[in-house]
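*Asks:* what's the 3D shape of this:
(chains A and B)
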There are 2 protein chains.
Amino acid sequence: MTSPQNASDLPESTPEGARRRTGGRSARVRAQVVEAVGTLLVEAGYDALTVDAVAERAGVHRTTVYRRWRDVGGLLADVLDAAADDGWRPADTGSLEGDLTALNQEVYDALCPGGTDATDGSGSGSGSGSGSGANLTTALIAASFRSAQAAGALNRFWEGRYARSAPVADRAVDRNELQPGLDARALLVTATAPLYQELLLLRSAPDPELPRRAARAACAAARAGVFH
Amino acid sequence: MTSPQNASDLPESTPEGARRRTGGRSARVRAQVVEAVGTLLVEAGYDALTVDAVAERAGVHRTTVYRRWRDVGGLLADVLDAAADDGWRPADTGSLEGDLTALNQEVYDALCPGGTDATDGSGSGSGSGSGSGANLTTALIAASFRSAQAAGALNRFWEGRYARSAPVADRAVDRNELQPGLDARALLVTATAPLYQELLLLRSAPDPELPRRAARAACAAARAGVFH
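*Replies:* Numbering: from 1, shown residues only, chains lettered A, B, ... in the order given. I've put the predicted structure just below:
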């Protein structure tokens, strides 16, 4: 599989136009395919997701899609890998409770169809930021129960988010809100898990207080030393 | 749909044999069908689940299955309703942390294939207690993403478990571990959610410390007044 980043490895002497065209085309094809997978998944679900349908929706030759992504598992994995590769960083609000609430609000917005003010799609659980709507996250998680490749990519996506969110714990230690040496990942899982339980698994009615309450619970546990 | 309990509503004058045969047959058919749904789901997944396959596996006339359960959604919902209808009560260990750890241990055992000592199948998240193994819980949750009826039944199952687990919070109040007036359901969701996140959604390697750590986190949050 050709990585779109490879274009930037070309020598400087490559004519600018040619370089941009090569890298640009590869990146553009990937963006079209990722967008098409998300749209089909949200519109019609996993069963409608075939390489041919994706190729048609993306306006890309089906042989290109087969060669580069191979099958539906490869397509789903790349949607998640593309979503992970977005430069996302957690908000710095000045307090542990604030930071975890902001994180939870992004998960909440991604999981709540037609929920509060839409974020830019870079939310902790949100998909490719392709604007396909809040249901993409749920559709991708549902797909992870049907494709081992999607399940692996979903795990990578989440673990990447936990790793990038570690500064939330570091900053709390720097502010003397928490003792050093805590397990940041356990804190982050504890903070976010109630949102997935309520909104994804229980399908409860959206409760705007949930992001803050779950953040406060995780803070209290962290302060009590549960993650040390 | 005939409820198996209806047989006990028959007048006392009904000959004992006839009464037992009627009620017994209805309950036996339901047990066979519920068992067959669980087995097929674990063995071959949702896609293999058809009314005909269930009837054949259960050794029950397909017209009986169609009449009583109508379709796959009805079958899945009844598996969950049967699992809910099991007289389960939370363990009383003498402390809030102990009670929540015991609860989490049941969820852990239900979600961890080949995990630690198997319970009797009456676990918080475990399916029908049919002995079909730990994967039944995961298979039923996965099915809830494909059948609105299963999703509704899964919600009823969980809400029933939360309601029956409320005494865990009441006892903690009686012991002066917690102040009265807390939201028991929020406490229980917080305690159990990290297990579903880790074992079901992230598919993390089983961590035997997880049940207690998640219980301790929820306890700390409850003591800090987060659920009040």
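*Asks:* C-alpha from now on. contacts and neighbour counts both.
*Replies:* Will do.
*Asks:* To which secondary structure element is A:Val34 assigned?
*Replies:* Using DSSP states H and E, A:Val34 maps to helix A:16-44.
*Asks:* helices and strands around that helix, which ones?
*Replies:* helix A:51-58, helix A:72-84, helix A:135-143 (3 or more CA pairs under 8 Å, 6 or more residues apart in numbering or on different chains; DSSP states H and E).
*Asks:* what angle do the longest one and helix A:16-44 make?
*Replies:* Put plainly, it is helix A:72-84. Here helix A:72-84 points in a direction 110 degrees away from that of helix A:16-44 (axes from the mean of the first three to the mean of the last three CA atoms, to 10 degrees).
*Asks:* So is helix A:72-84 next to chain B?
*Replies:* No: residues of helix A:72-84 contacting chain B under CA under 8 Å from any CA of the partner chain: none, with a closest distance of 13.7 Å.
*Asks:* so what secondary structure elements neighbour that helix?
*Replies:* helix A:16-44, helix A:148-174.
*Asks:* need the contact list for A:Phe227.
*Replies:* Neighbour list for A:Phe227: A:182-184, A:186-187, A:221, B:213 [criterion: CA atoms under 8 Å, 6 or more residues apart in numbering or on different chains].
*Asks:* Among these, name the buried ones.
*Replies:* With burial judged by 16 or more other CA atoms under 10 Å in any protein chain shown, the buried subset of the contacts of A:Phe227 is A:182, A:184, A:186-187, A:221, B:213.
*Asks:* Export the helices and strands packed on helix A:16-44 as CSV, with columns for distance to A:Tyr196.
*Replies:* Converted to CSV, the helices and strands packed on helix A:16-44 look like this (distance: least, CA to CA, whole Å):
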stretch, distance to A:Tyr196
helix A:51-58, 28
helix A:72-84, 17
helix A:135-143, 10
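*Asks:* Quick one: list the elements packing against the helix or strand harbouring A:Thr192.
*Replies:* Element membership of A:Thr192, judged by DSSP H and E, is helix A:184-195. On a contact count with 3+ CA pairs under 8 Å, 6+ apart, helix A:184-195 meets helix A:96-111, helix A:148-174, helix A:210-223, helix B:184-195.
*Asks:* relative orientation of the first one and helix A:184-195 in degrees?
*Replies:* Using the same axes, to 10 degrees, the interaxial angle of helix A:96-111 with respect to helix A:184-195 works out to 50 degrees.
*Asks:* Mind giving me the packing neighbours of helix A:96-111?
*Replies:* Right, helix A:96-111 is packed against helix A:135-143, helix A:148-174, helix A:184-195, helix A:210-223 by 3+ CA pairs under 8 Å, 6+ apart.
*Asks:* what about A:Gly59, how many neighbours?
*Replies:* Per other CA atoms under 10 Å in any protein chain shown, the neighbour tally for A:Gly59 reads 13.
*Asks:* And it, how close does it get to chain B?
*Replies:* As defined by CA to the nearest CA, to the nearest Å, A:Gly59 lies at a distance of 29 Å from chain B.
*Asks:* Roughly how far does the residue lying closest to that residue once chain neighbours are set aside sit from A:Gly38?
*Replies:* Distances taken as CA to CA, 6 or more residues apart in numbering or on different chains place A:Gln32 nearest to A:Gly59, at 7.8 Å, with adjacent residues excluded. Going from A:Gln32 to A:Gly38 by CA to CA, to the nearest Å gives 10 Å.
*Asks:* more neighbours, the two?
*Replies:* Comparing A:Gln32 with A:Gly38 by other CA under 10 Å, the one with more neighbours is A:Gly38, at 29 against 18.
*Asks:* Would you mind confirming that that one makes contact with A:Leu136?
*Replies:* Yes: contact criterion CA atoms under 8 Å: A:Gly38 and A:Leu136 qualify, at 6.5 Å.
*Asks:* any idea which of the buried ones among the contacts of A:Phe227 is closest to B:Val60?
*Replies:* B:Arg213 (45.6 Å; CA to CA).
*Asks:* The closest residue to that closest one other than its chain neighbours in helix, strand or coil?
*Replies:* Using CA to CA, 6+ apart and skipping the chain neighbours, the partner closest in space to B:Arg213 is A:Val226 (6.8 Å). Three-state assignment for A:Val226 (DSSP: H, G, I helix; E, B strand; the rest coil): coil.
*Asks:* which residues touch A:Val226?
*Replies:* A:Val226 neighbours (CA under 8 Å, 6+ apart): B:213, B:216-217.
*Asks:* pLDDT score for it?
*Replies:* At A:Val226, the model reports a pLDDT of 98.
*Asks:* can you check A:Gly24 too?
*Replies:* Predicted confidence (pLDDT) for A:Gly24: 89.
*Asks:* and it, how many neighbours does it have?
*Replies:* 16.
*Asks:* one step back: okay but the residue nearest to A:Gly59 is in contact with A:Ala58, surely?
*Replies:* Yes: between A:Gln32 and A:Ala58 there is a contact at 5.2 Å, judged by CA under 8 Å.
*Asks:* any weak-confidence spans in chain A?
*Replies:* Chain A contains residues with pLDDT under 70 at A:1-22, A:113-134.
*Asks:* re the thing from before, from chain B, how far off is the residue nearest to A:Gly59?
*Replies:* For A:Gln32 relative to chain B (CA to the nearest CA), the value is 27 Å.
*Asks:* ok, now A:Ala220?
*Replies:* The value you get for A:Ala220 to chain B, if CA to the nearest CA is used, is 5 Å.
*Asks:* What of A:Ala172?
*Replies:* For A:Ala172, the distance to chain B - CA to the nearest CA - is 18 Å.
*Asks:* I'd assumed A:Ser95 was in contact with that residue.
*Replies:* Yes: counting by CA under 8 Å, A:Ala172 does reach A:Ser95; the two are 6.8 Å apart.
*Asks:* Which one's more surrounded, these two?
*Replies:* A:Ala172 (18 against 15).
*Asks:* Now for the nearest residue to A:Arg216 once chain neighbours are set aside, how many residues are close by?
*Replies:* The shortest distance from A:Arg216 to any non-neighbouring residue, by CA to CA, 6+ apart, is to A:Glu97 (6.0 Å). With neighbours defined by other CA under 10 Å, the count for A:Glu97 comes to 23.
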